[in-house]
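K.L.:
Coordinates for the following, if possible.
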Amino acid sequence: MASDIRVRIAPSPTGNLHIGTARAALFNYLFARRYGGAFILRIEDTDRERSDKRYEQNIFEGLRWLGIDPDEGPEQGGPSGPYRQTERTDIYEAYLKHLLADGKAFYCFHSQAELEGEGRRLLLEKKAPVHACEYRDLSPADARERAKSAPDAIIRFKTPPGRQIAFTDLIRGELSFASGLIGDFSIAKSLREPLYHFAVVVDDHEMKISHVIRGEDHIANTPKHILLGEALGFPVPHYAHLPLILGPDRSKLSKRHGATSVANYKNDGYLPEAMVNFMALLGWSPGEDREIMSREDMVREFSLERVQKSGAVFDFQKLDWMNGEYIRALSPEKLYERARDFLPDASLQYPASYTASVVALEQPRLKKLSELAERVGYFFAPPVYERELLRWKQMTDRMIQESLERAERILSSIPSGVPKAEMERVFLDAIGAGGDKGTLLWPLRVALSGRKASPGPFEIMAILGTDESAARIRAARRLFV
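P.N.:
Take a look at the predicted model:
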């Protein structure tokens, strides 16, 4: 393949960037990078009622966060612009007039109620609910005259009867559709209001798109697009339809399974490089049992031949695992920079070196950065104790109090700033080889953190310092006075 490869992603700004759209964008991006081509972002905003600039911005920000950077688009510009459909109306109008003049499109004057009635009747007759329009053979002059008094008339494509529309899907192989199951489909509300099927075909031609890589839910649209392109004299691009993303129950991924928008994952503390790695494996495999892959590896090895046909299950547990692997691969300095927005507000009152040590302590256990605020809150505010949580096995109140007094005495013998390993040695020597570590260390750890589960007491004390650690031990002791 050569550098004339041009692919695109064309989301509608009617909602936040969906994980399925992001996966399609990634596969297009990897394909373009793999073969030295161009990746284009186009905004399909012809649905003026539902399109919203804030959703458009969310798409831009989501792709930017993932590092899926278009070569051309509304923000980047480029030779095939404009890249918003609402800014391309003159182009569509010219092509619509061409189809009407050639008798390959026509005005339809049926009301919505008539069309719905026809659809119900065909279903009752166990026929495909497709519209074979009686106005398809009306002369252009008669149609123009009638359109003057029919403002709701739409423009339909005159689908040729008795045709088999066949194409080679680069993922699924040979596919074929009978034109009789397509009918005369709508392509515009008016000369200045194109609909999806028409606008997408014109845009792909005008932008010289060589490969249309999109979700399998568009397979049924492809014969319509081929017929439209043929009627306009356009070359047929290569088509490749990606498998659907499924939830754990193997139904189509939806909000009932969990978050579906890229912004949700960003806000929940997933790293963009982990998301990209995870999404790349949603329907594609490098051919080995590898899970963690760099972007460079993905670009080098990506091919449509290795994209699967069956649905790709979105495994939330696998994503958490993968994100944890990427978190652990970060240097402590980089993790701290990534984690700052997820820390408790109280952390702003502490030195950066202290907060960075807190984050590094949790690094081995984190699955996502949003866990930090709950995990490390006790480093930035004295814990609130549950009295019973300080109890180790069958210890009495008196035994707990004595344990905490002993811990405070041992701690007072340790100079400030002593490394964790030395602090641990002093405590373990005091316990002795045959002693019950839990009797001393469980109440101590809970006194420091207020939590049932936390890092070990020596790790905590090394960050808190001896003075703050002693103050917390005394606060816990007061519960048993």
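K.L.:
all helices of the stretch 201-350 of the chain, in order?
P.N.:
For the stretch 201-350 of the chain, the helices defined by DSSP state H, counting those that start in this stretch cover 222-232, 262-267, 272-280, 295-301, 316-329, 332-339.
K.L.:
Which one, of the ones you listed, ends up nearest to residue 72?
P.N.:
Among these, the nearest to residue 72 by CB to CB is helix 295-301 (18.6 Å). In this view, the C-beta of every residue, glycine as well, is placed from N, C-alpha and C.
K.L.:
Output that closest one in CSV, but only the C-alpha positions, please.
P.N.:
In CSV, the C-alpha atoms belonging to helix 295-301 read as follows (Å, rounded to 0.1, in the frame of the first residue of the first chain):
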residue,chain,number,x,y,z
ARG,A,295,1.7,2.6,20.4
GLU,A,296,4.7,2.0,18.2
ASP,A,297,4.1,-1.8,18.4
MET,A,298,0.5,-1.3,17.4
VAL,A,299,1.3,0.9,14.4
ARG,A,300,4.0,-1.5,13.2
GLU,A,301,1.8,-4.6,13.5
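K.L.:
Quick check: residue 465 vs residue 333, distance?
P.N.:
With the distance defined as CB to CB, to the nearest Å, residue 465 ends up 22 Å from residue 333.
K.L.:
same check, this time on residue 162
P.N.:
Distance, residue 162 to residue 333, using CB to CB: 68 Å.
K.L.:
hey, C-alpha coordinates of stretch 230-244 in PDB?
P.N.:
Output of stretch 230-244 as PDB, limited to C-alpha atoms (Å, rounded to 0.1, in the frame of the first residue of the first chain):
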ATOM      1  CA  GLU A 230     -22.100   4.700  -8.900                       C
ATOM      2  CA  ALA A 231     -24.800   7.100  -9.900                       C
ATOM      3  CA  LEU A 232     -22.500  10.100  -9.300                       C
ATOM      4  CA  GLY A 233     -19.600   8.500 -11.200                       C
ATOM      5  CA  PHE A 234     -17.400   8.000  -8.100                       C
ATOM      6  CA  PRO A 235     -14.900   5.200  -7.600                       C
ATOM      7  CA  VAL A 236     -15.900   2.700  -4.900                       C
ATOM      8  CA  PRO A 237     -13.700   2.900  -1.800                       C
ATOM      9  CA  HIS A 238     -12.500  -0.200   0.000                       C
ATOM     10  CA  TYR A 239     -14.900  -1.100   2.900                       C
ATOM     11  CA  ALA A 240     -14.000  -2.800   6.200                       C
ATOM     12  CA  HIS A 241     -16.600  -3.200   8.900                       C
ATOM     13  CA  LEU A 242     -15.400  -3.600  12.500                       C
ATOM     14  CA  PRO A 243     -17.000  -6.000  15.000                       C
ATOM     15  CA  LEU A 244     -19.400  -4.500  17.500                       C
END
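K.L.:
which of the residues in it are buried?
P.N.:
Neighbour-count burial for stretch 230-244, counted by 16 or more other CB atoms under 10 Å, picks out 230-232, 234, 237-244.
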